[in-house]
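Q: Coordinates for the following, if possible.
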Amino acid sequence: MKFRGIFCGTTATTNEEYRKVLKNRNLWMIGLTIIGLVIAVVALWAEKTGAAALPDYIIGVYCGFGTGLAIAGVILFVRNLLLMKNEEKLKESRLENSDERLTEIRNKALQAAVKILLLVGVAASMILGIFEPVLIKACLFLLYVFLFSFIIATAYYKKRM
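A: Residues are numbered from 1 along each chain as shown. Below is the predicted model:
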């Protein structure tokens with residue numbers, strides 16, 4: 001059994017449906033690549049022009065993050081193209097990604113990861129807030145965004161499904 005990411009699941013029942021899913025994912029991969037390139041280019045531009053007084057380490061983080069996103073987008077885009085050209089591999093991938101057992105495992109793992117993320121986020125905001133008061137606001141803001149987006153998404157999918 002191969003490990004499949006949290007964004008790999010599908011409900012496609014035929015290769016044609018799955019091909020459409022992959023085409024849609026490729027649009028996301030193009031967007032991911034563009035965003036990554038923009039982040040890296042803006043970081044380099046900010047360093048060269050002195051538009052932002054950022055330490056070299058932070059410039060490196062932005063460049064590395066942007067480059068990583070762009071490379072991941074290109075790799076996944078090419079992978080999807082190769083899958084779409086090979087009927088056998090397409091079917092194998094569709095069956096792996098639509099397996100109910102793997103979907104349930106992915107859902108359970110995602111629930112566990114969300115619980116851990118929330119606990120760590122709360123702990124981090126409380127501890128970091130002692131040293132830098134703005135950090136408690138930033139951490140709690142992220143937790144609020146998550147919780148409100150969860151509530152909105154739940155209401156949306158209750159109506160839609």
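Q: so who does residue 121 touch?
A: By Cβ atoms under 8 Å, 6 or more residues apart in numbering, the contact list for residue 121 reads 139, 142, 143, 146. Every C-beta, even on glycine, is put in place using the N, C-alpha and C of the backbone.
Q: So which residues of this protein form helices?
A: 15-49, 56-85, 87-98, 100-131, 133-160 (DSSP state H).
Q: What about residue 9, how many residues nearby?
A: Using other Cβ atoms under 10 Å, residue 9 has 17 other residues around it.
Q: Tell me where this structure is predicted with low confidence.
A: For the chain, applying pLDDT under 70 flags the ranges 1-6.
Q: sorry, back to before: who wins on neighbours among the contacts of residue 121?
A: Of all the contacts of residue 121, residue 139 has the most neighbours under the rule other Cβ under 10 Å, reaching 20 neighbours.
Q: my read: it touches residue 128, true?
A: Yes: with contact defined as Cβ atoms under 8 Å, residue 139 reaches residue 128; the gap is 6.5 Å.
Q: thinking again about what came up before, can I get the helices of the chain in TSV with distance to residue 9?
A: Below are those laid out as TSV (distance: least, Cβ to Cβ, whole Å):
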stretch	distance to residue 9
helix 15-49	10
helix 56-85	15
helix 87-98	6
helix 100-131	5
helix 133-160	15
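Q: Mind checking those for the one nearest to residue 8?
A: Between residue 8 and these, the tightest spacing by Cβ to Cβ is seen for helix 87-98, at 5.1 Å.
Q: okay, the angle between that closest one and helix 100-131?
A: Angle, helix 87-98 to helix 100-131, by axes from the mean of the first three to the mean of the last three Cα atoms, to 10 degrees: 60 degrees.
Q: Going by neighbour count, which residues of helix 87-98 are buried?
A: Neighbour counts over helix 87-98 (16 or more other Cβ atoms under 10 Å) mark 90, 93, 94, 97, 98 as buried.
Q: same check, this time on stretch 73-85
A: 73, 74, 76, 77, 80, 83, 84.
Q: Not including adjacent chain positions, what is the nearest residue to residue 139?
A: Nearest residue to residue 139, sequence neighbours excluded (Cβ to Cβ, 6 or more residues apart in numbering): residue 125, at 3.2 Å.
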